[in-house]
Every structure is written in structure tokens, then in C-alpha cells.
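S.K.: Quick check, what structure comes out for this input:
(2 chains)
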Amino acid sequence: MRIVSWNINSVRLRIDTLKKVADALQPDFMCLQETKAQDSDFPTDAITEAGFTRQLVRGMKGYNGVAILSNAAMSDGGSRDWCAREDCRHVAADIGDKTFLHNFYVPAGGDEPDPKINEKFAHKMDFLSEATDWSAKLPKKGRHIMVGDLNIAPHENDVWSHKQLLKVVSHTPVEIDALEAWRAAHGWVDAIRAIVPEDEKLYSWWSYRNRSWPGSDKGRRLDHIWVSPALAPKVTDAGVYRDARGWEKPSDHAPIWADIDI
DNA sequence: ATGGTTGTGCGACAA
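M.R.: Next comes the predicted model:
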């Protein structure tokens, strides 16, 4: 089974790119973030024609928005609000065989990494805390897959310069510690780093600003696929589909993928 | 270099 996660940065603008990603990667489940469309504007028919006959969608006007697309049977697996906000940052699917797929879009957190002066950063830290509490309550022997734009690049080789980004939101120690607490709360296993060694540079996002793509390769690994401990031995392959970042009118995120033998 | 670019949706904000 192949899972793809992609911050598409507008599903309506990139519907053809979505088809191209699907053709290239042939996912069984495609998880999108930043769809930026309220449910009534979601391109249901075009996506059905692209082969995704089942769609779990949580969108709002202008911002955020998540979706899980598949051709396989699935039902809602506990989609919910976080931080008492209805901002469409999570959708979950029950994909059968007591297995659940969670798709997250964690708040980016603004520019200043100080919750006292930056409400967006406070929201990000609150979100991480709630997600940690939620993970701690998941049965340790459960079968969960968790993907999404977590907006944190935790390891030194998840950013183009560890030193230069230590005070930049997405790579500050307080965020990295919070993400590690979230991971440890369920014993989540980072499926992509289980395949790609930690001493290898690996990114999934490159800013639209400056000339970071493709020349200087100033990327960050903000997107993740985590699995329950019980599923960790079943991860057979995983990676970042970098090619898509070089296509015409790209999202600033590349799709990421994992193959899980279930 | 306190910039830069893209998206939603038509002004300002988010990333």
C-alpha cells in the first residue's frame, strides 16, 4: 500500500498537477494539505475522474483545508478540531482492518518564535501539545499512520543549514523538542527517516522566495509520514518526490510517499 | 539584503 502526502497549496489551481503526481506515484491514499477551498468549491468531479472515487474533505474559505483521496473503501476515522478552532487542519480515515490514516496540517507559526509576542507561534505550540496528548491516548498496539505538513524540520540534515536556521521558525529547539514529545507519546516511527539515513540531507519544501530552487537547494523537511510501532517493520520504502518541485507552477512542497506492506 | 514569491480573492493576510 502506498501513501502519498502533499501540501498542494490550492487544489483548484493544481488539479492537473495532482493528476500528474497520481500518475507518477500511483498512491492508494493521497493526503492533501492547504487545499484552500471550501467544501462546496472542492473539485470533486475532476478528482473522481482522476481515479479517486472516495474523498474525505475538510475545507474552508481561503486558508488551510485537508483531504484524503482514494479509490479504496474508507470512512471517517475521527476527523476533529484542534485548539478549539474550526480551521480544517485534520482529517482521518478508517481504512479497514483496524487501521487508521490521519492527515495533519500543523500551523506554520508566523515569523517570531516567541509565544508571548506571537499569537501564531503560541497556536503552533498549543497544537503540538494537543496532538501529543492525543497520541499518548492511542493504543500502543494500534495500527495508525500519521502524515502531513507538520511545519517542523527536526534533524540537522532536515534543513540546508542547521546553524543558520536554529532561530528560524520550523527549526527552533523548542519546536524540535515539542515534535519529539509528540513522536514519543505513541512511539511513532518516522517512516521516511527509517528508509533515508539521517546523515543524508533530505528536504520536502523550498520557499518560493529567493532562488532556493533548484540552484542553492535551500530546503527544509517539513512534511512527514509516521507509523505506529506495530507498522514500522512493514515500511518497505519511502522518499520525497523532488521532481514535482521543478514542474511548471509548482507547489512550494514536494509530495512525500511511503510503501507499507499491509 | 529587514528583501524575496505565491495564493486567495480583490484588500490584506498567510505562508
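S.K.: tell me the mean pLDDT for the host helix or strand of residue A:226?
M.R.: Here residue A:226, judged by DSSP states H and E, is contained in strand A:223-227. The average of the pLDDT scores along strand A:223-227 is 99.
S.K.: Just the buried positions in whichever helix or strand comes after it, please.
M.R.: Heading C-terminal from strand A:223-227, the first helix or strand you meet, by DSSP H and E, is strand A:235-240. Neighbour counts over strand A:235-240 (16 or more other CB atoms under 10 Å) mark A:235, A:238, A:239, A:240 as buried. Quick note: C-beta positions are derived from backbone N, CA and C, even for glycine.
S.K.: any residue of the helix or strand encompassing residue A:164 up close to DNA strand B?
M.R.: Element membership for residue A:164 (DSSP H and E) is helix A:162-165. No: using CB under 7 Å from any atom of the strand, helix A:162-165 stays clear of DNA strand B, with a minimum separation of 11.4 Å.
S.K.: which other helices and strands contact that helix?
M.R.: With contacts taken as 3 or more CB pairs under 8 Å, 6 or more residues apart in numbering; DSSP states H and E, helix A:162-165 sits against no other helix or strand.
S.K.: quick check: angle from the helix or strand following that helix to strand A:223-227?
M.R.: Proceeding N to C from helix A:162-165, the next assigned helix or strand is helix A:173-186, under DSSP H and E. Comparing the axes of helix A:173-186 and strand A:223-227 via axes from the mean of the first three to the mean of the last three CA atoms, to 10 degrees yields an angle of 20 degrees.
S.K.: and the helix or strand following helix A:173-186, which strands flank it?
M.R.: Sequence order places strand A:189-190 as the next helix or strand after helix A:173-186, per DSSP H and E. If you go by DSSP bridges, strand A:189-190 pairs up with strand A:223-227 (antiparallel).
S.K.: for the strand it pairs with, the distance to its chain's centre please.
M.R.: Centroid separation between strand A:223-227 and its chain, computed with CA atoms, centre = their mean, to the nearest Å, is 7 Å.
S.K.: is DNA strand B contacted by it?
M.R.: No: remark: strand A:223-227 sits outside contact range of DNA strand B, by CB under 7 Å from any atom of the strand, the gap being at least 11.5 Å.
S.K.: who's in contact with that strand?
M.R.: Strand A:223-227 is contacted from outside by A:3, A:5-7, A:144-150, A:183, A:188-192, A:204-205, A:234-235, A:238, A:240, A:253-254, A:256-258, A:260, using CB atoms under 8 Å, 6 or more residues apart in numbering.
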